[in-house]
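Q: need a 3D model of the sequence below.
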Amino acid sequence: MAKYGFGQFKADVKADIAVDSRRRPKLWFLTIWTSVRFRLLFLYRVARFLSGVKGMKMFLPYLRMRQYRLCGCEVSPRAIIGRGVLLPHPTGIIIGQGVTIEDNVTILQNVTLGHLGSGTEEDAYPVICEGVAIYAGAKIIGNVRVGKGAKVGANAVVLKDVPDSYIAVGIPAQMKAPKA
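A: Predicted coordinates:
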């Protein structure tokens with residue numbers, strides 16, 4: 001895992017405030033105090049920062065408990081989450097330790113991003129590329145890449161790669177080409 005320094009932490013939090021404030025224009029300090037989606041990402045970013053600071057890992061279980069009590073979520077501090085991520089309804093989101101989420105991704109409630117649990121090399125975590133929208137209840141499991149600008153439909157179970165701009169729907173997910 002790459003070093004997550006204070007400068008990057010500060011820039012990421014500032015970007016999270018900007019994204020949330022853009023959605024509902026208000027004063028930035030109201031975003032900090034009233035937005036559950038901002039607070040979830042903030043707790044993740046604090047945990048990620050503290051996981052790289054010697055002697056601070058003892059606070060990680062507390063931060064994990066706060067995430068869970070806030071909205072029933074578990075976001076591993078070992079996951080990599082980019083800027084501009086939008087969690088409109090963050091209840092029940094699970095993001096595993098090896099997941100990579102790039103910038104400007106939207107994730108709705110009850111989404112699971114994780115691994116298969118088989119212990120094999122294919123047991124890697126998903127990579128969610130820039131501009132992806134993942135709808136309610138979707139599961140993206142294993143060594144999967146969801147391409148730039150793709151959409152994952154509600155309750156879809158994605159077990160194989162989704163090409164750029166495609167739509168994945170169904171159980172198991174079938175790929176639909178975007179309409180021209």
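Q: tell me the domain ranges of the protein?
A: Domain segmentation of the chain under automatic domain parsing yields 1-71, 98-180.
Q: out of those domains, deepest packed?
A: Stretch with highest mean neighbour count among these: domain 98-180 (a mean of 18; mean count of other Cβ atoms under 10 Å). Heads up, the C-betas are built off the backbone N, CA and C, glycines and all.
Q: quick one: average pLDDT of that one?
A: Here domain 98-180 scores 90 as its mean pLDDT.
Q: pull the distance from it to the chain's centre.
A: Offset of domain 98-180 from its chain centre (Cα atoms, centre = their mean, to the nearest Å): 11 Å.
Q: for stretch 60-75, same thing?
A: 14 Å.
Q: what's next to it, contact-wise?
A: For stretch 60-75, contacts defined as Cβ atoms under 8 Å, 6 or more residues apart in numbering pick out 36, 39-40, 43-44, 46-47, 50-51, 77, 81, 90-95.
Q: which ones among the residues you listed are found in strands?
A: Using DSSP state E, the subset of these located in strands is Ile81, Ile94, Ile95.
Q: the first one bridge partners, please.
A: Yep, that's Ile81 we're talking about. Ile101 (DSSP bridges).
Q: wait, doesn't it sit right on Ile95?
A: Yes: using Cβ atoms under 8 Å, Ile81 is in contact with Ile95, at 7.4 Å.
Q: hey, what's in contact with both of these two?
A: Common neighbours of Ile81 and Ile95 (Cβ under 8 Å, 6+ apart) are Val75, Ile101.
Q: circling back to that earlier point, so which of the contacts of stretch 60-75 are in helices?
A: Val36, Arg39, Leu40, Leu43, Tyr44, Val46, Ala47, Leu50, Ser51 (DSSP state H).
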